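1. based on what follows, work out the 3D shape:
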Amino acid sequence: MLDIPRCVHIFIEFSNKDAHIRLNQTKDHMTKLTTHVLDTMTGKPAAGLRIDLYRFEGGEAQFLSSHKTNDDGRVDSPLLQDADFAAGSYRLDFHAGDYLADNGGSDFLDIIPIRFMIADQERHYHVPLLLSAYGYSTYRGS
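-> All right, here's what the predicted structure looks like:
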(Lines give C-alpha, C1' and ligand atoms only; values in the text may rest on other atoms or scores of the structure.)
Protein backbone atom coordinates (compact mmCIF):
# COMPACT_ATOMS: atom_id res chain seq x y z
CA MET A 1 0.00 0.00 0.00
CA LEU A 2 1.42 3.38 -0.96
CA ASP A 3 1.55 6.18 1.59
CA ILE A 4 0.26 9.07 -0.53
CA PRO A 5 0.08 12.54 0.98
CA ARG A 6 -3.36 14.11 1.20
CA CYS A 7 -2.05 17.41 -0.07
CA VAL A 8 1.02 18.43 -2.00
CA HIS A 9 2.03 22.04 -2.49
CA ILE A 10 4.00 22.87 -5.62
CA PHE A 11 6.33 25.84 -5.54
CA ILE A 12 7.75 27.16 -8.78
CA GLU A 13 10.77 29.37 -8.36
CA PHE A 14 11.90 31.50 -11.28
CA SER A 15 15.48 32.67 -11.45
CA ASN A 16 16.98 34.02 -14.66
CA LYS A 17 15.55 31.85 -17.43
CA ASP A 18 15.25 28.58 -15.49
CA ALA A 19 12.26 27.36 -13.49
CA HIS A 20 12.86 25.12 -10.48
CA ILE A 21 10.00 23.05 -9.09
CA ARG A 22 10.03 21.97 -5.45
CA LEU A 23 7.42 19.66 -3.89
CA ASN A 24 6.51 20.29 -0.28
CA GLN A 25 4.39 17.65 1.45
CA THR A 26 2.18 18.95 4.21
CA LYS A 27 3.50 18.63 7.74
CA ASP A 28 0.41 16.54 8.57
CA HIS A 29 1.73 13.80 6.32
CA MET A 30 5.35 13.86 7.32
CA THR A 31 5.55 14.30 11.08
CA LYS A 32 4.16 11.22 12.70
CA LEU A 33 5.10 7.82 14.11
CA THR A 34 3.44 4.73 12.65
CA THR A 35 3.96 0.98 12.74
CA HIS A 36 2.58 -2.26 11.40
CA VAL A 37 3.18 -5.94 12.09
CA LEU A 38 3.41 -8.72 9.53
CA ASP A 39 3.22 -12.39 10.52
CA THR A 40 5.85 -14.05 8.33
CA MET A 41 4.63 -17.55 9.29
CA THR A 42 1.31 -16.96 7.56
CA GLY A 43 2.29 -14.17 5.17
CA LYS A 44 -0.54 -12.06 6.58
CA PRO A 45 -0.88 -8.98 8.78
CA ALA A 46 -0.78 -9.64 12.54
CA ALA A 47 -4.25 -8.52 13.67
CA GLY A 48 -5.02 -7.96 17.35
CA LEU A 49 -1.42 -7.54 18.54
CA ARG A 50 -0.98 -5.14 21.47
CA ILE A 51 1.68 -2.42 21.18
CA ASP A 52 2.73 -0.11 24.03
CA LEU A 53 4.61 3.14 23.42
CA TYR A 54 7.11 4.65 25.89
CA ARG A 55 9.26 7.78 25.85
CA PHE A 56 12.53 7.93 27.77
CA GLU A 57 13.14 10.97 29.94
CA GLY A 58 16.08 11.09 32.32
CA GLY A 59 16.76 7.41 31.63
CA GLU A 60 13.29 6.38 32.79
CA ALA A 61 10.62 4.93 30.50
CA GLN A 62 7.37 6.91 30.63
CA PHE A 63 4.28 5.08 29.35
CA LEU A 64 2.49 7.08 26.63
CA SER A 65 -0.16 4.85 25.05
CA SER A 66 -1.37 1.36 24.23
CA HIS A 67 -2.72 0.21 20.84
CA LYS A 68 -3.96 -2.91 19.04
CA THR A 69 -3.32 -3.71 15.42
CA ASN A 70 -6.30 -3.85 13.07
CA ASP A 71 -7.02 -6.49 10.39
CA ASP A 72 -4.34 -4.89 8.21
CA GLY A 73 -1.71 -5.27 10.98
CA ARG A 74 -1.66 -1.49 11.45
CA VAL A 75 -2.78 0.83 14.22
CA ASP A 76 -5.82 2.91 13.22
CA SER A 77 -4.14 6.26 13.91
CA PRO A 78 -0.55 7.47 14.27
CA LEU A 79 1.15 6.53 17.54
CA LEU A 80 2.51 10.08 17.77
CA GLN A 81 1.69 13.20 15.77
CA ASP A 82 1.34 16.96 15.96
CA ALA A 83 2.46 18.43 19.31
CA ASP A 84 3.18 14.97 20.77
CA PHE A 85 5.67 14.18 18.00
CA ALA A 86 8.94 15.28 19.60
CA ALA A 87 12.61 14.41 19.26
CA GLY A 88 13.83 11.88 21.79
CA SER A 89 14.28 8.23 22.68
CA TYR A 90 11.27 5.90 22.43
CA ARG A 91 10.39 2.22 22.81
CA LEU A 92 7.65 0.17 21.24
CA ASP A 93 6.76 -3.01 23.15
CA PHE A 94 5.16 -5.53 20.80
CA HIS A 95 3.24 -8.15 22.82
CA ALA A 96 4.15 -11.01 20.50
CA GLY A 97 3.72 -13.80 23.06
CA ASP A 98 0.00 -13.18 23.46
CA TYR A 99 -0.48 -12.89 19.70
CA LEU A 100 1.52 -16.07 18.97
CA ALA A 101 -0.31 -18.06 21.68
CA ASP A 102 -3.63 -17.07 20.12
CA ASN A 103 -2.47 -17.84 16.56
CA GLY A 104 -0.79 -21.24 16.78
CA GLY A 105 2.73 -19.92 17.32
CA SER A 106 5.30 -20.81 19.92
CA ASP A 107 6.01 -20.05 23.55
CA PHE A 108 9.48 -18.67 22.73
CA LEU A 109 8.90 -14.94 22.24
CA ASP A 110 7.11 -12.71 24.72
CA ILE A 111 7.37 -8.92 24.60
CA ILE A 112 9.59 -7.55 21.83
CA PRO A 113 11.01 -4.13 22.75
CA ILE A 114 12.21 -1.92 19.88
CA ARG A 115 14.06 1.16 21.13
CA PHE A 116 14.69 3.95 18.63
CA MET A 117 15.37 7.67 18.31
CA ILE A 118 13.31 10.40 16.70
CA ALA A 119 15.89 12.96 15.66
CA ASP A 120 14.21 14.90 12.86
CA GLN A 121 10.75 16.21 13.74
CA GLU A 122 10.10 17.06 10.09
CA ARG A 123 10.11 13.42 8.95
CA HIS A 124 7.73 10.48 9.13
CA TYR A 125 9.01 7.63 11.29
CA HIS A 126 7.65 4.17 10.51
CA VAL A 127 8.80 1.22 12.66
CA PRO A 128 7.43 -2.07 11.30
CA LEU A 129 7.88 -5.52 12.84
CA LEU A 130 8.25 -8.74 10.85
CA LEU A 131 7.28 -11.53 13.23
CA SER A 132 7.58 -15.32 13.25
CA ALA A 133 7.39 -17.90 16.04
CA TYR A 134 11.14 -17.89 16.72
CA GLY A 135 12.43 -14.58 15.48
CA TYR A 136 11.69 -11.06 14.31
CA SER A 137 13.20 -8.13 12.48
CA THR A 138 12.56 -4.44 12.15
CA TYR A 139 13.81 -1.57 10.03
CA ARG A 140 13.25 2.13 9.44
CA GLY A 141 10.33 2.15 7.05
CA SER A 142 8.75 4.93 5.05
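2. let's verify residue 97: helix, strand, or coil?
-> Here residue 97 is recorded as helix under DSSP: H, G, I helix; E, B strand; the rest coil.
3. same check on the one 4 residues further on?
-> Of the three states, residue 101 takes helix according to three-state DSSP.
4. what sits against it?
-> residue 107 (Cβ atoms under 8 Å, 6 or more residues apart in numbering). For the C-beta atoms, the positions are set from N, CA and C on the backbone; glycine is no exception.
5. where's it relative to residue 139, distance?
-> 26 Å (Cβ to Cβ, to the nearest Å).
6. unless I'm mixing things up, residue 108 is touching residue 132, no?
-> No. Contact between residue 108 and residue 132 fails when scored by Cβ atoms under 8 Å: they sit 9.8 Å apart.
7. count the neighbours of residue 48 for me.
-> Counted with other Cβ atoms under 10 Å, the neighbours of residue 48 add up to 16.
8. go on, residue 96?
-> 25.
9. in three-state terms, how would the closest residue to it other than its chain neighbours be classified?
-> Spatial nearest neighbour of residue 96, excluding adjacent residues (Cβ to Cβ, 6 or more residues apart in numbering): residue 109 at 4.6 Å. Here residue 109 is recorded as coil under three-state DSSP.
10. distance of residue 109 from residue 49?
-> Between residue 109 and residue 49 the computed distance is 12 Å (Cβ to Cβ).
11. now for this protein, the helix or strand with the poorest mean pLDDT.
-> For the chain, using mean pLDDT, DSSP states H and E, the weakest element among its helices and strands is strand 8-15, scoring a mean of 46.
12. can you pull out the strands in the protein?
-> Ranges of strands in the chain, per DSSP state E, are 8-15, 18-25, 32-34, 37-39, 44-45, 50-57, 60-68, 80-81, 88-95, 111-118, 125-126, 129-132, 135-138.
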